[in-house]
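[1] Please find the sequence and the predicted model below.
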Amino acid sequence: MSEPQETRKPSKLKLTYIVTAVAISCLMVGASLGIIIKATTPGFPTVIEPGSMVSGASYVVFKDGTTYYAKNGTTGAIDYSDSNARVLLQEVSDFLGATNSAGTVYLKIGNYDIDQTLNWNAKVSLIGESFIGCENRVPKMRATVTMTTDTPLINISGGSESYYAGTFENIYFQNPYYATNNIDGIKLYAAGLDMITKFKVERCAFNWLQTSIHLQGFVYGGIWRDCEIWATGAGGANYTTPDVLLDNRGISPEYPKENLFDRLYVDGNSDRTAAISIEQGDYNRFDNLLIDSPTGHFTEAVIKINNGSSNIFRDVYMMDLAAIAGFKGSIYLTSANCFGNQIDGQIARLSAVGVSGALPSVVIDDGAFRNYIGIIPFGTACSPMINSTGAGIDNMVEIFPPHMASGTAMTITHVGTDVIFRGYGCQNSGTANITGAFSTVTVNHGLATTPTIVVVTVNNTGAGNYSVSSITLTQFVITFTNQPATSEWLFYWYAEV
């Protein structure tokens with residue numbers, strides 16, 4: 001039997017070497033990753049300082065004192081600094097936009113004053129640090145008094161490349177100098193054969209006057225989600241732009257197309273032409289649109305489509321709206337190039353300032369054709385409800401049961417072959433009786449306007465000749481040519497507008 005071997009323990013010196021080597025390796029790895037390792041009390045775990053790792057963004061932009069800095073997200077170095085926020089952001093956007101991979105800029109909480117248009121590359125993303133509903137705890141981009149009238153705060157331009165996919169998130173845009181500079185908030189601009197595709201804006205707010213969101217030219221497939229617009233300024237003044245504008249203005253052979261606006265909230269206490277205006281645009285979609293403007297007034301419409309086809313508005317909710325002289329209607333479809341559009345939702349009552357008579361909720365005019373509007377009338381006065389006095393063709397308006405105070409009248413001011421009405425107040429049926437020696441009976445049809453079709457059939461045999469006459473907004477009359485001998489006659493009737 002061999003002697004048992006002695007188990008030898010490593011010396012304290014060797015243990016010290018091993019621990020030291022491991023510590024040095026950790027420090028080297030931490031340094032390569034941009035980690036700050038804080039010293040702690042002996043016997044407690046080592047702590048990695050939160051937020052010290054190099055950002056995944058291309059650049060982190062922040063303000064310290066009166067200077068703005070752009071920290072490289074890969075090296076941790078300060079590559080740019082300037083006392084002017086717009087100059088620094090422009091340098092970063094130009095640098096990243098020139099690379100094939102583009103990049104992302106992470107914007108820390110703070111105020112970023114923009115003294116003239118910031119021309120942002122459409123491939124570059126701008127992500128705010130936070131957006132928690134308080135304007136003092138978000139990255140805020142503010143127009144200054146030096147901004148030139150009729151220019152945008154942020155201009156995002158397209159290019160000849162087919163795919164641009166930048167993103168704006170968690171940013172608060174503000175123009176405190178609305179009285180002196182008539183400017184857009186964000187403008188996506190694609191002139192000539194250029195295009196901007198799949199650009200995305202999420203969780204951004206606009207404390208703005210004039211147009212907050214402007215898509216011009218071939219802006220395609222973008223997404224605007226969970227954004228808010230507050231049109232705040234000098235209430236009572238007459239501003240000449242809408243909150244959201246899609247147009248072309250001859251700069252491109254193409255229009256804004258297939259853009260999605262989801263959960264957009266529009267509010268304000270200032271006057272403007274419309275909440276949404278599609279001057280030129282096809283196949284765009286607005287879902288979950290809330291428009292609430294109790295103290296501001298719309299001067300032309302709430303939703304206007306002039307030259308556009310196959311645009312869809314789903315789940316529109318209008319409340320506490322007001323208008324002034326020159327107003328057309330809550331929904332205004334105009335021009336022969338307005339066709340195939342679909343709008344449905346709750347259409348609110350509008351109060352009026354300097355306007356005689358009730359305000360129309362829907363106006364179809366000037367050749368607009370084959371559009372569909374499905375509405376839920378809402379409020380205390382919906383008269384006139386529909387106004388279609390122009391030359392629209394084959395449009396359909398479907399009216400769902402309204403949410404109105406008891407006794408509130410809903411009327412339709414136009415009936416004709418150019419508009420097909422369906423739903424509440426548009427079709428009705430019932431029975432009527434002529435009893436005894438009487439030859440006539442008056443029927444209250446209960447429709448929202450004078451019916452164009454009235455069909456009457458008698459249940460009895462031997463009734464002889466009878467006719468329908470005196471068709472009005474509220475009733476019609478059934479009359480026997482000669483009073484039959486039977487003492488009671490039962491009629492079934494159907495009427496539609």
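    Sure thing, it's come through. Numbers count the residues shown, from 1 in each chain.

[2] separation between the residue nearest the centre of the chain and residue 160?
    The centroid of the chain falls nearest to residue 264 when counting by Cα atoms, centre = their mean (3.9 Å). Per Cβ to Cβ, to the nearest Å, residue 264 is found 30 Å from residue 160. In this view, the C-beta of every residue, glycine as well, is placed from N, C-alpha and C.

[3] And residue 413, by the same measure?
    On the measure of Cβ to Cβ, residue 413 and residue 160 end up 50 Å apart.

[4] Neighbour count for the two, which is higher?
    More crowded of residue 413 and residue 160, by other Cβ atoms under 10 Å: residue 413, with 17 against 8.

[5] Wait, a strand at residue 141?
    Yes - when classified by DSSP: H, G, I helix; E, B strand; the rest coil, residue 141 is found to be part of a strand.

[6] need the contact list for residue 64.
    If you count contacts by Cβ atoms under 8 Å, 6 or more residues apart in numbering, residue 64 has none.

[7] Given the strand or helix carrying residue 344, what are its sheet partners and their directions?
    Using DSSP states H and E, residue 344 maps to strand 342-348. Strand 342-348 has its sheet partners listed here by DSSP bridges as strand 312-319 (parallel), strand 372-379 (parallel).

[8] Pick the most buried one from these.
    strand 372-379 (a mean of 21; mean count of other Cβ atoms under 10 Å).

[9] what's next to that one, contact-wise?
    Residues contacting strand 372-379 (Cβ under 8 Å, 6+ apart): 318-319, 331, 341-349, 361-362, 364, 385, 395-404, 408, 410, 423-424.

[10] tell me the mean pLDDT over it?
    Summarised as a single mean, pLDDT over strand 372-379 is 81.

[11] picking up where we left off before, now which of the contacts of strand 372-379 would you call buried?
    318, 331, 341, 343-349, 361-362, 364, 385, 395-397, 399, 402, 404, 410, 423-424 (16 or more other Cβ atoms under 10 Å).

[12] any low-confidence regions in the stretch 201-350 of the chain?
    232-239, 294, 325, 348-350 (pLDDT under 70).

[13] Kindly report the same for the stretch 351-497 of the chain.
    The low-confidence ranges in the stretch 351-497 of the chain, as defined by pLDDT under 70, are 351-360, 379-392, 404-409, 414-417, 485-486.

[14] tell me the domain ranges of this structure?
    Following automatic domain parsing, one finds the domains of the chain at 59-423, 427-496.

[15] What is the distance between the first one and the centre of its chain?
    From the chain centre to the centre of domain 59-423 is a distance of 6 Å (Cα atoms, centre = their mean, to the nearest Å).

[16] Test for you: state the pLDDT assigned to residue 5.
    45.

[17] Next: the one 5 residues further on.
    Residue 10 carries a pLDDT value of 47.

[18] residue contacts, residue 157?
    119, 120, 121, 122, 189, 190, 194, 196 are the contacts of residue 157 under Cβ under 8 Å, 6+ apart.

[19] Give me the neighbour count for the second one.
    Spelled out, it's residue 120. So residue 120, with other Cβ under 10 Å, has 25 neighbours.

[20] now do residue 430
    Neighbour tally, residue 430, other Cβ under 10 Å: 13.

[21] Okay, and it sits in which element?
    Counting by DSSP H and E, residue 430 is part of strand 427-435.

[22] by contact count, what packs against that strand?
    When contacts are defined as 3 or more Cβ pairs under 8 Å, 6 or more residues apart in numbering; DSSP states H and E, strand 427-435 packs onto strand 440-444, strand 475-480, strand 488-496.

[23] nearest to residue 79, of these?
    For the helices and strands packed on strand 427-435, proximity to residue 79 was assessed by Cβ to Cβ; strand 488-496 is nearest, at 70.8 Å.

[24] which stretch of helix or strand covers residue 94?
    Here residue 94 is assigned to helix 85-97, by DSSP H and E.

[25] Which residues does that helix contact?
    58-59, 61, 63, 68-70, 80-82, 102-103, 105, 112-116, 118-121, 123-124.

[26] buried subset of those residues?
    By neighbour count, with 16+ other Cβ under 10 Å, those hold 58-59, 61, 63, 68-70, 80, 102-103, 105, 112-116, 118-121, 123-124 as buried.

[27] Report the angle between the helix holding residue 94 and strand 139-143.
    Computed by axes from the mean of the first three to the mean of the last three Cα atoms, to 10 degrees, the angle separating helix 85-97 from strand 139-143 equals 110 degrees.

[28] And helix 85-97, what's buried?
    In helix 85-97, residues buried by neighbour count (16+ other Cβ under 10 Å) are 85, 86, 88, 89, 90, 91, 92, 93, 95, 96, 97.

[29] Tabulate the residues you listed (a markdown table), appending pLDDT.
    Putting these into a markdown table (pLDDT from 0 to 100) gives the following:
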| residue | pLDDT |
| --- | --- |
| 85 | 97 |
| 86 | 97 |
| 88 | 98 |
| 89 | 98 |
| 90 | 97 |
| 91 | 97 |
| 92 | 96 |
| 93 | 94 |
| 95 | 94 |
| 96 | 92 |
| 97 | 88 |
